[in-house]
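>>> No letters, just coordinates:
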């Protein structure tokens, strides 16, 4: 086994990471600050400026190395679609990055409880949370299809049932089209 | 030592994640005649210190050290690890994901993997969780040289190295070597349905990672590339 060569590859990888660390920290801090400022003032233009920053700009480094950046981008993509087609956005009632991420995680946890059905109480708690914090069809679809979940047909149907009181016929149709993809 | 007791040990800095992790623990089936305990260490200075503190606080024989972002999906997890431990007294530690060899560059995941973890796109669709029951006869377990630290269950206490491992990395690799050096096998269940989900969305702070990688190579250079069977005393 060519251990020195294998070790050298690892060393080069870590050297690249170390070289980029300062820039990475600056990028991530910019993302967090922009979120805080944008949410505090409900400045969606500011928020959505992060999409090109993360996807094609300097923020791409954060996207590659910090998992939270990927979740932030996911939320921004949801908001971008909601601003065009919906009333209200995922960021409703969120005035800071921490509040936004808390909502994201509570939603994700609720989705997983619906999927895994640990107990009736567990499912009921998840249902109640989603009923109190309903999402748009885009929010439901993008979060469930991109996160660490394996959605089943019955899972999608459950989410549609939960959101039926809050979605218009057009929303329901939009959701049906999305899950058929 | 109470050999009818399990203790979950979690270092934590995120209440949301910890709460959800505990939600899954609360749904585990407890083998008859056994009890469980939970110790959480808030804002530990490093993983090894947190784990040592908890290890010395509980009289449970079976200790499950796990990350706050791990969700145990297998409701019979406790009974199943008990079966594995009791099948062979030489098994000292169980992990969910492990590697048969110590990798040549010290990066655990570069070795041949055993075990499983919940994936978004599994090779074959998962059986519904409600229908899954581990069978030690059919699924059995593999042995490993190292296990991933997101979940490490022990049947024997070996102090964690708080002198040299003072961060959040490589505690798992070092601890695996300590078990092997003392003649304990490390088992990883073969899982038709993954027993755990690990939601590690935040990438490691790799700056310190390399420091501990080098320390591991210095300390265990003679094991690099070796199969667990070549290391086990």
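Received the coordinates, thanks. In this text, all values refer to a predicted model and were calculated from it rather than measured experimentally. Numbering: from 1, shown residues only, chains lettered A, B, ... in the order given.

>>> And for the residue of chain A found nearest chain B, the neighbour number?
Relative to chain B, the nearest point of chain A is residue A:67 (3.4 Å; C-beta to the nearest C-beta). Glycine gets a C-beta too; all of them are placed from N, C-alpha and C. Close neighbours of residue A:67, defined as other C-beta atoms under 10 Å in any protein chain shown, add up to 15.

>>> hang on, it packs against residue B:198?
No - if you go by C-beta atoms under 8 Å, residue A:67 and residue B:198 don't touch, sitting 11.7 Å apart.

>>> Residues of chain A that sit close to chain B?
A:1, A:3, A:6-7, A:9-11, A:14, A:17-18, A:21, A:65-68, A:70-71, A:102, A:105-106, A:109, A:112-113, A:116-119, A:122, A:147-150 (C-beta under 8 Å from any C-beta of the partner chain).

>>> Got a quick ChimeraX command for the buried subset of the residues you listed?
Entered in ChimeraX, the line below selects the buried ones among the residues of chain A next to chain B, by 16 or more other C-beta atoms under 10 Å in any protein chain shown:
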select /A:6,7,10,14,17,65,66,68,70,71,105,106,109,112,113,116,117,118,122,147,148,149
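
>>> In strands only, show me the residues of chain A next to chain B.
When the residues of chain A next to chain B are checked against strands (DSSP state E), there are no matches.

>>> Might you list the low-confidence residue ranges for the chain?
Assuming you mean chain A. Where chain A drops to pLDDT under 70, the residues are A:1-6.

>>> not quite, I wanted chain B
B:201-207.

>>> near chain A, which residues of it show up?
Counting by C-beta under 8 Å from any C-beta, the residues of chain B that sit close to chain A are B:16-17, B:20, B:23-24, B:27, B:71, B:73, B:75, B:104-107, B:110, B:118, B:120-122, B:125-126, B:129-130, B:197, B:199-203, B:206-207, B:209-210, B:213, B:217, B:224-225.

>>> ends of stretch B:197-208, how far apart?
25 Å (C-alpha to C-alpha, to the nearest Å).

>>> residue boundaries of the helices in chain A?
A:3-40, A:44-48, A:50-55, A:60-65, A:67-85, A:97-116, A:120-132, A:137-146, A:153-163, A:169-179 (DSSP state H).

>>> Tell me which of these sits most buried.
helix A:137-146 (a mean of 21; mean count of other C-beta atoms under 10 Å in any protein chain shown).

>>> just checking, what packs against that one?
Contacts defined by 3 or more C-beta pairs under 8 Å, 6 or more residues apart in numbering or on different chains; DSSP states H and E place helix A:137-146 against helix A:67-85, helix A:97-116, helix A:153-163, helix A:169-179.

>>> let's see it at 6 Å
helix A:67-85, helix A:169-179 (3 or more C-beta pairs under 6 Å, 6 or more residues apart in numbering or on different chains; DSSP states H and E).

>>> Just name whatever secondary elements the first one is in contact with.
Spelled out, that is helix A:67-85. helix A:50-55, helix A:137-146.

>>> Over to the shortest one?
Under the contact criterion of 3+ C-beta pairs under 6 Å, 6+ apart, helix A:169-179 touches helix A:137-146.

>>> Show residues contacting the helix it packs on.
If you take C-beta atoms under 6 Å, 6 or more residues apart in numbering or on different chains as the criterion, helix A:137-146 is touched by A:74, A:78, A:81-82, A:90, A:111, A:151, A:159, A:171, A:174-175, A:178.

>>> redo that, cut-off 7 Å
Applying C-beta atoms under 7 Å, 6 or more residues apart in numbering or on different chains, the contact partners of helix A:137-146 are A:74, A:77-78, A:81-82, A:90, A:107-108, A:111, A:151, A:159, A:163, A:167, A:171, A:174-175, A:178-179.

>>> Stretch B:49-57 now?
By C-beta under 7 Å, 6+ apart, stretch B:49-57 touches B:9, B:11, B:39, B:41, B:44, B:63, B:65, B:157, B:159-160, B:162.

>>> List the buried residues of it.
B:49-55.

>>> So which of those residues is the closest to chain A?
residue B:50 (22.4 Å).

>>> which SS class is that closest one?
helix (DSSP: H, G, I helix; E, B strand; the rest coil).

>>> helix/strand/coil for the closest residue to it other than its chain neighbours?
In this structure, residue B:50 finds its nearest non-sequential neighbour in residue B:44, 3.0 Å apart by C-beta to C-beta, 6 or more residues apart in numbering or on different chains. Three-state call for residue B:44 (three-state DSSP): coil.

>>> that's a helix at residue B:10, yeah?
No - counting by three-state DSSP, residue B:10 falls outside a helix, being strand.

>>> residues in contact with it?
B:18, B:21, B:40, B:66, B:68.

>>> now, which of the residues you listed lie within helices?
Reading helices off those with DSSP H, I get B:18, B:21.

>>> any idea which residue sits dead centre in chain B?
residue B:152 (1.9 Å; C-alpha atoms, centre = their mean).

>>> quick one on the thing from earlier: take the residues of chain B next to chain A and keep only those in strands.
B:71, B:197.

>>> Buried ones only from the residues of chain B next to chain A, please, as a ChimeraX command.
To isolate the buried ones among the residues of chain B next to chain A in ChimeraX, judged by 16+ other C-beta under 10 Å, type:
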select /B:17,20,23,24,71,73,75,104,105,106,107,110,118,126,129,197,199,201,203,206,209,210,213,217,224,225
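
>>> can you tell me which of the residues of chain B next to chain A are in helices?
Filtering these for helices - DSSP H - leaves B:16-17, B:20, B:23-24, B:206-207, B:209-210, B:213, B:217.
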